[in-house]
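Q: let's see this in three dimensions:
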Amino acid sequence: MAASNSNGRGKDAFKAAGLPEEAQKALTGAFDALTGWREEIAQAAERNSSTVFDKMGTAAKAMGWPAELVDLTRQQMQQGSKMQLQMMDQVMDVWEQQIKAPGSPLPGMPAMPGMPDMPKFDNPFASMMGMGGMGSMPGMGGMGAMPGMP
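A: Residues are numbered from 1 along each chain as shown. This next block holds a predicted model:
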């Protein structure tokens, strides 16, 4: 993968921030990996959406379901894909802000459009740490509930 990505984030920005070489390499790797993942998600959604929604339309018709059901499903799935890409962009934006202004308070992640119930964390890193790990997240169960765990 390239040392700098299409969003203008990369070696030059990290070097300009006066970061040590080791930190620059680590950040470049993280940003490149996240950018690559984001691009793969966007390409997969574009590549598969027509086929998936055509097949869903055929299945809905065979079941006697209204075409509106497929339209609504398509809209929701496309919005979900768009929000996933926006979330990845926002993570990179927060990290980039910290690189430009080290030691400053972490900015909050904006609320995701179309998801009013999603919590808005003032400090996403502290909020994740304060959750007490995966066991305390909704739907994940407590660690004690896992088989073989005390």
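Q: contacts, neighbours, all on C-alpha from now
A: OK.
Q: tell me how many other residues crowd residue 47.
A: Per other CA atoms under 10 Å, the neighbour tally for residue 47 reads 11.
Q: correction: the previous question concerned residue 50.
A: Number of residues near residue 50 (other CA under 10 Å) recorded here: 12.
Q: how about it, secondary structure?
A: What DSSP: H, G, I helix; E, B strand; the rest coil gives for residue 50 is helix.
Q: would you mind measuring from it to residue 36?
A: In this view, residue 50 and residue 36 are 23 Å apart by CA to CA, to the nearest Å.
Q: with residue 20 instead?
A: Residue 20 is 24 Å from residue 36, by CA to CA.
Q: which of the two has more neighbours?
A: residue 36 (16 against 10).
Q: show the model's pLDDT score for residue 101.
A: Per-residue confidence at residue 101 stands at 78 (pLDDT).
Q: ditto for residue 138
A: Residue 138 is given a pLDDT of 42.
Q: residue 14 now?
A: Looking at residue 14, its pLDDT reads 78.
Q: OK, contacts around it?
A: Taking CA atoms under 8 Å, 6 or more residues apart in numbering as the criterion, residue 14 is in contact with 24, 27-28, 99.
Q: surely it is within a strand?
A: No. Using three-state DSSP, the assignment for residue 14 is helix, not a strand.
Q: got any ranges where the chain has weak pLDDT?
A: Along the chain, the model assigns pLDDT under 70 to residues 1-12, 106-150.
Q: show me where this protein has its helices.
A: Counting by DSSP state H, one finds helices in the chain at the ranges 11-16, 21-63, 67-100, 124-130.
Q: what count of nearby residues applies to the residue nearest to residue 74 when sequence neighbours are not counted?
A: Leaving out its chain neighbours, the residue that sits closest to residue 74 by CA to CA, 6 or more residues apart in numbering is residue 53, at 6.7 Å. Using other CA under 10 Å, residue 53 has 15 other residues around it.
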